[in-house]
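K.L.:
just to be clear, the model below is a prediction. Sequence and coordinates:
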Amino acid sequence: MTPEKKILCIGAGYVGGPTMAVIAHKCPDYQVTVVDINPERIDQWNSDSLPIFEPGLDPIVKRARGRNLFFSTDIEKGIRENDIIFVSVNTPTKTFGVGSGMAADLQYWEKTARQILEHSDAPKIIIEKSTLPVKTAQAMERILTTNHKKVRFDVLSNPEFLAEGTAVRDLEKPDRVLIGAHRTPEGKKAQDVLVDIYTRWVPRDRILTCDIWSSELSKLVSNAFLAQRVSSINAVSALCEKTDADITQVARAVGMDGRIGNRFLNASVGFGGSCFQKDILNLVYLCRHYGLHEAADYWEGVIRINDHQKNRFVFNMLNAMFNTLANKKICMFGFAFKADTGDTRESPAIFISKKLLEEKAALVITDPKALPNARIDLRGIDQNVRYVEDPYEAVAGTHAIAVLTEWGLYRTLDYQKIFDAMVQPAFIFDGRNILDHNALFEIGFNVYPIGKPALTHF
């Protein structure tokens, strides 16, 4: 049977893989192919051990794979045979040249655009799915229109709004789907093709359409607003610790204001992940490029507070543990940047691990899903690091625990058993405020939360 639509996604990462799996699941009469230059990643997508952990993803992939969902390394064939192409390649922050440390590195994106141009012999709809700077679609169009084949390309913006750990739920029941297109008859026609895909399972009133530039900017601004809330509450947490206020009570009072709401008001060791910092730095770079220096300074302040919070966490550990961490064993509960994912990109745990190792501490890292990535992140500096999956084994003989990921597992552990296995006096630094601090204090721990008075036996 000829498929209703043939869809290609270039890029099999955290966005491309789950997004295409859900499209294939919701649209069994569509043929969906995901391609990537990394053969190991494609092999994992075709195996029983997927390259990423997302609750609910495994059964969706395994139901659709081989039926109407396919994973391949043959990018050229995929371009030739599909008329709807999602581009979901990596766009990291530049580490060189103009804009280093802020601007998006678009070399992989440009290479993909040129591949599409080279191997296309029929009209294509190209959909930006990666997080990209404003006006990137215009650059892609300029590449695609420099051809002598007279092939028509329509470029759309369809930014993702996925939260790792809830990506499948976010895809199946999104707050909104945003589609940016040129306000021309041709652009509207291409837009309608993408709208038709999403309306197979998303209510039409949740599908927003706008111009391309507004769509591209909306993605950056959404993440910037969320990160700003995290940095704002973390800035207040530092004040709470100095004044013996309780950040949890402050956040609860603030969050009950209907104008503000209670989401992203949990004080913590800081935000991580692949998007927040990258998107804010991109926004900063764009503002500076257009001479909007005050706006750039404002958004850059969000990053400064996040870095300060991580530094402050390490300083509090050092200060509490008698001003030296040398030769002390510290167990890190969690390395992923958030619970329910194995992703460690920009995780606060990376920064904190490096700082603790600089203080000559020995680390034991435990995490249900992120240990393979932790080994990669600390490769070359992990002579004094052990990676142990079992938290009870990990804490044996340690002086302190640092809670860095809000895994539900850590709330349910037997902390009396843990206390008995540790060197005394035993410390817990709860970087996510997920534990019962009074109960830990009663057991005998010296407890240091974020944004709350410490509970100590000294």
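P.N.:
Sure, I can see it. Numbering: from 1, shown residues only.

K.L.:
Lys189 versus the residue nearest the centre of the chain, what's the distance?
P.N.:
Centroid-nearest residue in the chain, with C-alpha atoms, centre = their mean: Gly273, separated by 3.4 Å. Counting by C-beta to C-beta, to the nearest Å, the separation of Gly273 from Lys189 is 36 Å. Placement of C-beta: from N, CA and C, glycine included.

K.L.:
show me the strands in the stretch 51-200 of the chain, by range?
P.N.:
Using DSSP state E, counting those that start in this stretch, the strands of the stretch 51-200 of the chain run over 69-72, 84-87, 124-128, 153-157, 177-180.

K.L.:
for the stretch 201-350 of the chain, same thing?
P.N.:
207-210, 329-333.

K.L.:
what sits up against the first one?
P.N.:
It refers to strand 207-210. Arg176, Val177, Leu178, Ile179, Gly180, Ala181, Gln191, Val195, Tyr198, Thr199, Ser218 (C-beta atoms under 8 Å, 6 or more residues apart in numbering).

K.L.:
now swap in the longest one and tell me
P.N.:
In this structure, residues lying in contact with strand 329-333 by C-beta under 8 Å, 6+ apart are 317, 349, 352-353, 356, 361-367, 391, 394-395, 397-405, 407, 410, 423.

K.L.:
now stretch 2-13
P.N.:
Residues contacting stretch 2-13 (C-beta under 8 Å, 6+ apart): 16, 19-20, 23, 27, 29-36, 38, 41-42, 45, 51-52, 68, 71, 75, 78-79, 81-90, 112, 115-116, 129-130, 197.

K.L.:
7 Å instead, please
P.N.:
16, 20, 23, 29-36, 41-42, 45, 68, 71, 75, 78-79, 81-90, 112, 197 (C-beta atoms under 7 Å, 6 or more residues apart in numbering).

K.L.:
and those residues, which are buried?
P.N.:
Those of the contacts of stretch 2-13 that meet the buried threshold are 16, 20, 23, 30-36, 41-42, 45, 68, 71, 75, 78-79, 82, 84-90, 112, 197, by 16 or more other C-beta atoms under 10 Å.

K.L.:
which of those fall within helices?
P.N.:
Gly16, Met20, Ile23, Arg41, Ile42, Trp45, Ile75, Gly78, Ile79, Thr112, Ile197 (DSSP state H).

K.L.:
most widely separated two among those residues?
P.N.:
Arg41 and Ile197 (24.4 Å; C-beta to C-beta).

K.L.:
ok, the spatially closest residue to Val221 that is not a sequence neighbour - contacts?
P.N.:
Nearest non-adjacent residue to Val221, counting by C-beta to C-beta, 6 or more residues apart in numbering: Leu283, 7.2 Å away. Applying C-beta under 7 Å, 6+ apart to Leu283 gives the contacts Leu220, Ala224, Trp299.

K.L.:
what separation do you get for Leu283 and Lys219?
P.N.:
Using C-beta to C-beta, one obtains 10 Å as the distance from Leu283 to Lys219.

K.L.:
likewise for Asn323?
P.N.:
44 Å.

K.L.:
neighbour-wise, which of these two wins?
P.N.:
Comparing Asn323 with Lys219 by other C-beta atoms under 10 Å, the one with more neighbours is Lys219, at 24 against 7.

K.L.:
distance-wise, check that one relative to Asn158.
P.N.:
10 Å.

K.L.:
what touches both of those two?
P.N.:
Looking at what touches both Lys219 and Asn158 (by C-beta under 7 Å, 6+ apart), there is no common residue.

K.L.:
in TSV, list the contacts of strand 207-210 along with pLDDT and neighbour count.
P.N.:
Compiled in TSV, the contacts of strand 207-210 are given as follows (pLDDT from 0 to 100; neighbours: other C-beta atoms under 10 Å):
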residue	pLDDT	neighbour count
Arg176	96	12
Val177	97	22
Leu178	96	22
Ile179	96	23
Gly180	94	27
Ala181	94	28
Gln191	97	23
Val195	97	17
Tyr198	98	19
Thr199	97	14
Ser218	92	19
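
K.L.:
which of these sits closest to Asn262?
P.N.:
Of the contacts of strand 207-210, the one sitting nearest to Asn262 (C-beta to C-beta) turns out to be Arg176, at 20.1 Å.

K.L.:
for Gly431, what are its contacts?
P.N.:
Counted by C-beta under 7 Å, 6+ apart, Gly431 has contacts Ser268, Val269, Phe313, Ala402, Val403, Leu404, Ile450.

K.L.:
can you do 10 Å?
P.N.:
Taking C-beta atoms under 10 Å, 6 or more residues apart in numbering, we find Gly431 in contact with 267-270, 309-310, 313, 316-317, 332-334, 348-349, 352, 402-406, 448-450.

K.L.:
okay, now Gly444: neighbour count?
P.N.:
Other residues close to Gly444 by other C-beta under 10 Å number 15.

K.L.:
next one, pLDDT for it please.
P.N.:
pLDDT recorded at Gly444 is 98.

K.L.:
over to Gly99?
P.N.:
pLDDT, read off for Gly99, is 62.

K.L.:
ok, residues contacting the one helix or strand in the chain whose mean pLDDT sits lowest?
P.N.:
Within the chain, no helix or strand scores below helix 136-144, which has a mean of 74 by mean pLDDT, DSSP states H and E. Outside helix 136-144, the residues within contact range by C-beta under 10 Å, 6+ apart are 87, 91, 104, 106, 109-110, 112-114, 116-117, 120, 124, 126-128, 130, 132-133, 151-157, 180-182, 212-213, 215-216.

K.L.:
follow-up on the earlier one: out of the contacts of Gly431, list just those in helices.
P.N.:
Judged by DSSP H, the subset of those located in helices is Gln309, Lys310, Phe313, Asn316, Met317, Pro348, Ala349, Ile352.

K.L.:
and the fifth one, what is it in contact with?
P.N.:
The contact partners of Met317, by C-beta under 10 Å, 6+ apart, come to 325, 328, 330, 352, 355-356, 359, 361, 400, 402, 427, 429, 431, 448.

K.L.:
buried residues, stretch 429-443. List them.
P.N.:
Applying 16+ other C-beta under 10 Å to stretch 429-443 flags Phe429, Asp430, Gly431, Arg432, Asn433, Ile434, Leu435, His437, Leu440, Phe441, Ile443 as buried.

K.L.:
can I assume the fifth one sits in a strand?
P.N.:
What it means is Asn433. No - under DSSP: H, G, I helix; E, B strand; the rest coil, Asn433 sits outside any strand and is assigned coil.
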